[in-house]
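K.L.:
next come a sequence and a model predicted from it.
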Amino acid sequence: MKKTIILTFAVLLAGLFLASCDKIEEGHYLKDNVPAPGPADTSGQKTLVRKVLILDFTGHKCGNCPKGHKMITSLEGTYHDAVVPVAIHCTSTYAAPEPGTAYAADFRTEEGDYLCTYMDLEGLPSGLINTMLPASISSAPTEWATQFAGYVNVEPELSIEVEPSIASGTATANVKVIAETACSRKLSLAVYVVEDGIVGGQKDYESNPPDIENYVHNHVLRMSFNGALGESIKDNTDAMAKDATIEKSYSKAFSSDWNAANCKVVAFVYDSDTKEVLQAEMVAVSQ
């Protein structure tokens, strides 16, 4: 009788172990529904994760904007590299430099200024979560987490591979978009360069005093390879077969004022009609 009980328990334990392995391999998610970090699992199997783009419209003289920065940091702590953030410093009120002060840096870009106008911002901070649709912009960072969660556990239609590099003052990015299911959407691709670890001034109304001289700015938009809204890469509704690819290569001058060691290339694909971002990727630049 005792042997029978031990044998039954062993069979049940083995079944549970196999079931757990199957769940991880097939779903590619951790048991608490948080996407597994990293581009591949230990078996070498491709990990399909719906990564989520966050466009954070901000400014170093915007005292409420650190709330958005903190929300992004919180999301990164939970969802790891499924978070693809871009900090867009814009508006003359909140992002214009003040020479001789802690706010002497100018983080504005031509692309960022265009996006600020295109999105018709009413104030900062403002965020777009996985969309390029102006009507979807949110000025409340507390809402970003809820919006984020609505996307991150959806099985991705596309994956993106990025090979970025910087040499002799030129940045390059080779981007491959791969269909994970048959896709009949019209697609657009945007490719940006962002920089982390920039130390400078930041106004923060939750800090005392509110002017922080050595604030660390991350995900700062530096430039785009193909325009603020990117470019069309699939302009018809003919189905893109599963595993089919679209490949693009870019090169552009890289400013000597930027720290290449802290730069990353962000690439994202969105539906040209609905403006929904279908997949995003962020990869550190090699030198």
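P.N.:
Everything's here; your move.
K.L.:
going by neighbour count, which residues in whichever strand or helix holds Thr78 are buried?
P.N.:
Using DSSP states H and E, Thr78 sits within helix 66-79. Buried residues in helix 66-79, counted by 16 or more other Cβ atoms under 10 Å: Pro66, Lys67, Gly68, His69, Met71, Ile72, Leu75, Glu76, Tyr79. C-betas here are computed from N, CA, C, even on glycine.
K.L.:
who's in contact with the first one?
P.N.:
When the contact criterion is Cβ atoms under 8 Å, 6 or more residues apart in numbering, the partners of Pro66 are Gln202, Asp204, Glu206, Ser207, Tyr215.
K.L.:
restricted to buried residues, select those in ChimeraX.
P.N.:
Burial among these is assessed by 16+ other Cβ under 10 Å; the matching ChimeraX selection reads:
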select :202,204,215
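K.L.:
nearest residue to the residue most central in space within the chain other than its sequence neighbours?
P.N.:
In the chain, the centroid-proximal residue (Cα atoms, centre = their mean) is Val84; its distance is 1.4 Å. Excluding the flanking residues, the one nearest Val84 by Cβ to Cβ, 6 or more residues apart in numbering is Ala280, at 4.0 Å.
K.L.:
ok so, going back, okay, and the beta partners of the residue nearest to the centre of the chain?
P.N.:
Judged by DSSP bridges, the bridge partners of Val84 are Leu53.
K.L.:
let the chain start at 216 from now.
P.N.:
Happy to do that; since the first residue is 216 now, the last one works out to Val299.
K.L.:
does it touch Val481 like I think?
P.N.:
Yes - Val299 is within contact range of Val481, at 5.9 Å (criterion: Cβ atoms under 8 Å).
K.L.:
any residues in contact with both of these two?
P.N.:
Here Val299 and Val481 have Leu268, Ala495, Glu496, Met497 as joint contacts, going by Cβ under 8 Å, 6+ apart.
K.L.:
now, these that are in strands?
P.N.:
Leu268, Ala495, Glu496, Met497 (DSSP state E).
K.L.:
residues near the spatially closest residue to Ser374 that is not a sequence neighbour, how many?
P.N.:
Of all residues beyond its chain neighbours, the one nearest Ser374 is Ile393 (4.7 Å), with distances taken as Cβ to Cβ, 6+ apart. When neighbours are defined as other Cβ atoms under 10 Å, Ile393 has 18 of them.
K.L.:
which element is Ile393 on?
P.N.:
strand 385-394.
K.L.:
that strand pairs with which strands?
P.N.:
If you go by DSSP bridges, strand 385-394 pairs up with strand 373-382 (antiparallel), strand 460-468 (antiparallel).
K.L.:
now it: mean pLDDT?
P.N.:
For strand 385-394, mean pLDDT rounds to 98.
K.L.:
surely Gln417 is in a strand?
P.N.:
Yes - Gln417: assigned to a strand according to DSSP: H, G, I helix; E, B strand; the rest coil.
K.L.:
sorry, back to before: do I have it right that the residue nearest to Val299 meets Ile269?
P.N.:
No - taking contacts as Cβ under 8 Å, Ala495 lies outside contact range of Ile269: 9.1 Å.
K.L.:
overlap in contacts of these two?
P.N.:
Applying Cβ under 8 Å, 6+ apart, one finds that Ala495 and Ile269 are jointly contacted by Val299, Asn345.
K.L.:
please enumerate the helices of the stretch 216-365 of the chain.
P.N.:
217-242, 281-294, 307-310, 325-333, 356-367 (DSSP state H, counting those that start in this stretch).
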